[in-house]
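K.L.:
just a sequence and a predicted model for now, questions to come.
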Amino acid sequence: MALFGLFVACSEQPEHFTTDVLNGYTQVKDQGKASSSCWIYAMLAAIETEHIMQGDSISLSPAYVEYFLHRDPDAPSSGRGMAPTLLTLIDRYGVVPYQSMTDTTVSPPRWAFMLGAEYTPREFAHSVCAPSEYVALTTTSSRPYRTSFVMEAADNWTREAFLNVAADTLLSWTEQAVRQGHGACWEGDTGRMGFRWKQGTAKATLTDVSTPPSDDHCMAIIGLAHDDEGKPYFILKNSWGTDNAYGGLLYMSYEYFMSSTVAVVLPRVSVALD
């Protein structure tokens with residue numbers, strides 16, 4: 001029994017990764033088990049990283065967005081959405097700093113304060129995320145590349161347009177943006193056999209590669225790493241708390257990214273749109 005226990009303990013040790021790039025990010029938050037608001041947390045986290053790269057320090061309130069989401073006449077009762085849906089909602093309702101509203105059951109503040117300045121929530125939202133600052137990207141062979149289309153999905157209830165690019169272009173643009181310090185938001189399939197949250201890794205299996213991805217989760221991409229064999233990984237910040245091998249972070253292999261991505265949202269300045 002003692003030997004068996006030692007084997008289990010050793011087998012559960014976190015994998016070793018070498019960090020190549022780690023961009024600034026705010027504390028790992030927890031959306032709660034009953035919440036479908038990962039897309040809110042992840043896209044806000046990407047905006048936060050973008051501002052940290054620019055020398056600003058901001059942490060934004062998911063609770064504020066959720067409050068208005070549940071009162072939006074067009075929003076589904078499930079509370080689901082896609083990463084660019086968040087951009088539409090903060091343009092519509094605004095956003096406030098994290099400490100200004102941490103609970104969806106309280107009334108939202110009428111003002112947002114930052115560095116001694118006073119803003120309405122919409123003014124504050126536009127100061128941290130200008131309209132059209134980000135571009136939503138996807139990859140599908142059923143549409144012409146370098147053209148935009150509205151993704152027909154129940155979660156895309158705000159009718160967001162996605163620019164379709166080749167899969168290798170999506171990978172290279174995402175890697176390039178992260179290397180430059182930009183915030184990025186990943187959306188895709190975490191129901192795969194190779195997704196292991198407790199172990200903090202996502203690696204593609206043969207089954208993952210051979211089946212199209214579903215859209216069930218969003219996370220922010222905050223860095224790049226490689227394993228001891230030299231294989232590259234993205235470092236992602238999740239919104240399921242810190243109870244995993246890497247304190248709420250996850251290492252996603254490039255193969256998993258290629259097989260399981262539905263969309264990525266990047267700052268428009270970081271991609272070669274021309």
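P.N.:
Done, it's in.

K.L.:
so where's the stretch 1-150 of the chain shaky on pLDDT?
P.N.:
Across the stretch 1-150 of the chain, the ranges flagged by pLDDT under 70 are 1-12.

K.L.:
what segments of it are helices?
P.N.:
2-11, 38-53, 62-69, 83-93, 121-128 (DSSP state H, counting those that start in this stretch).

K.L.:
over to Gln176: give its phi and psi.
P.N.:
phi -60, psi -40 (degrees, to the nearest 10).

K.L.:
thinking again about what came up before, any idea which of the helices of the stretch 1-150 of the chain is most buried?
P.N.:
Mean neighbours per residue, mean count of other C-beta atoms under 10 Å, is largest over these for helix 38-53, with a mean of 26. C-beta here means a position set from N, CA and C on the backbone, and glycine is covered the same way.

K.L.:
remind me what it packs against, helices and strands.
P.N.:
In this structure, helix 38-53 makes packing contacts with helix 62-69, helix 83-93, strand 184-188, strand 217-227, strand 261-267, judged by 3 or more C-beta pairs under 8 Å, 6 or more residues apart in numbering; DSSP states H and E.

K.L.:
how about those, which one is nearest Val165?
P.N.:
Closest of the helices and strands packed on helix 38-53 to Val165 is strand 261-267, at 9.6 Å (criterion: C-beta to C-beta).

K.L.:
by how many degrees do the closest one and strand 217-227 diverge?
P.N.:
90 degrees (axes from the mean of the first three to the mean of the last three C-alpha atoms, to 10 degrees).

K.L.:
sorry, back to before: now distance to Pro76 too, for the helices and strands packed on helix 38-53, in CSV please.
P.N.:
CSV is the format used below for these (distance: least, C-beta to C-beta, whole Å):
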stretch, distance to Pro76
helix 62-69, 10
helix 83-93, 11
strand 184-188, 17
strand 217-227, 16
strand 261-267, 17
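
K.L.:
right, and those - which one's nearest Arg143?
P.N.:
With C-beta to C-beta as the criterion, Arg143 lies closest to strand 261-267 of the helices and strands packed on helix 38-53, at 13.2 Å.

K.L.:
let me see the residues that make contact with the closest one.
P.N.:
Residues outside strand 261-267 that contact it (C-beta atoms under 8 Å, 6 or more residues apart in numbering) are 43, 46, 50, 82-84, 87, 133-139, 151, 162, 170, 173-174, 177, 182-189, 213-215, 221.

K.L.:
can you tell me which of the residues you listed are buried?
P.N.:
Buried by 16 or more other C-beta atoms under 10 Å: 43, 46, 50, 82-84, 87, 134-139, 151, 162, 170, 173-174, 177, 182-189, 213, 215, 221, out of the contacts of strand 261-267.

K.L.:
for the residue lying closest to His217 once chain neighbours are set aside, what are its contacts?
P.N.:
Using C-beta to C-beta, 6 or more residues apart in numbering and skipping the chain neighbours, the partner closest in space to His217 is Thr190 (4.3 Å). By C-beta under 8 Å, 6+ apart, the contact set of Thr190 is 197, 202, 216-217, 260.
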